[in-house]
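S.K.: sequence and predicted structure, then a few things I'm wondering about:
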Amino acid sequence: MPISTAGNSISRARHQKDQAKDREPGVSAGVHEQQAVCASQRLWQNGFTLIEIMVVVVLISLFMAFSVPLFSNIGTSSLGTSARRLSGTIKYLFNESAMTGLEYRLIYDLDRGTYRAQILEEDGSLVDDPDQGREASLKGSVRFKDLQLPGRGKFTMGQITTRLHPSGWVEETIIHLDDGDGKMLTLRVMPLTGTTEVFDGYREF
């Protein structure tokens, strides 16, 4: 008696179709799982980028805060103006030294009440700073009472040189300004930031 193959073919076709249906959910689940992993990675990467941005913003804010000279109600008198100008010059030279990689020097003339800046070139020569090389004077009757450099002593006359290193360091300097009428200000230059703290009166550190 001949065996019919038509029924067997139909059965095999149905069986293969059922197997295919059984496999589809697994394949689909794998694809969805992979997509979910990729999506979570993208979210993690985006989150990490936001954290980096926040850190940068905080660092910039701190830098700006330390870049501004620290004045304590010094007003707009000749004494206050002299303190602001000198503090601004020191901070400017501090930044320039860090950016150019060259050592800067600030020369105080205590007898004349003036100051100017020079640059130590790579060949060892000293040249006047193009912007701050010209002699600047304290305003009005304001004069240097004295200038203190920890480790070097106190100076009341002559020319004194302080160094600003490209590594981000300036010699700590205590400057006492006198307006000739009994009013004084104390300027303290911070070594690691180049900013200046300004205090009323004559202070020792």
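M.R.: Cool, got the structure. Residues are numbered from 1 along each chain as shown.
S.K.: can you give me the first-to-last residue distance of stretch 182-197?
M.R.: Stretch 182-197 has an end-to-end distance of 20 Å (criterion: CA to CA, to the nearest Å).
S.K.: quick one: find the helix or strand in the chain with the lowest mean pLDDT.
M.R.: helix 6-67 (a mean of 55; mean pLDDT, DSSP states H and E).
S.K.: right, and the helix or strand after that helix?
M.R.: helix 78-100 (DSSP states H and E).
S.K.: would you mark the buried spots in that next one?
M.R.: By 16 or more other CB atoms under 10 Å, the buried positions in helix 78-100 come out as 78-84, 86-87, 89-94, 96-98. Bear in mind the C-beta positions are built from the backbone N, C-alpha and C, glycine included.
S.K.: could you chop this protein up by domain?
M.R.: Listed domain ranges for the chain are 1-67, 72-200 (source: automatic domain parsing).
S.K.: for the closest residue to residue 150 other than its chain neighbours, which residues are in contact?
M.R.: Distance criterion CB to CB, 6 or more residues apart in numbering; nearest residue to residue 150, sequence neighbours excluded, is residue 172 at 5.5 Å. By CB atoms under 8 Å, 6 or more residues apart in numbering, the contact set of residue 172 is 149, 150, 188, 189, 190, 191.
S.K.: go on, residue 191?
M.R.: 169, 170, 171, 172.
S.K.: in strands, which of those residues fall?
M.R.: 169, 170 (DSSP state E).
S.K.: measure the residue nearest to residue 150 to residue 158 for me?
M.R.: 20 Å (CB to CB, to the nearest Å).
S.K.: so among the contacts of residue 172, which ones count as buried?
M.R.: Applying 16+ other CB under 10 Å to the contacts of residue 172 flags 149, 188, 189, 190 as buried.
S.K.: how near is the second one to residue 126?
M.R.: In this case it means residue 188. 26 Å.
S.K.: neighbour-wise, which one of the contacts of residue 191 leads?
M.R.: residue 170 (23 neighbours; other CB atoms under 10 Å).
S.K.: can you redo the buried ones among the contacts of residue 172 as TSV with pLDDT and secondary structure?
M.R.: Shown next, in TSV, are the buried ones among the contacts of residue 172 (pLDDT from 0 to 100; DSSP: H, G, I helix; E, B strand; the rest coil):
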residue	pLDDT	secondary structure
149	96	strand
188	97	strand
189	97	strand
190	95	coil
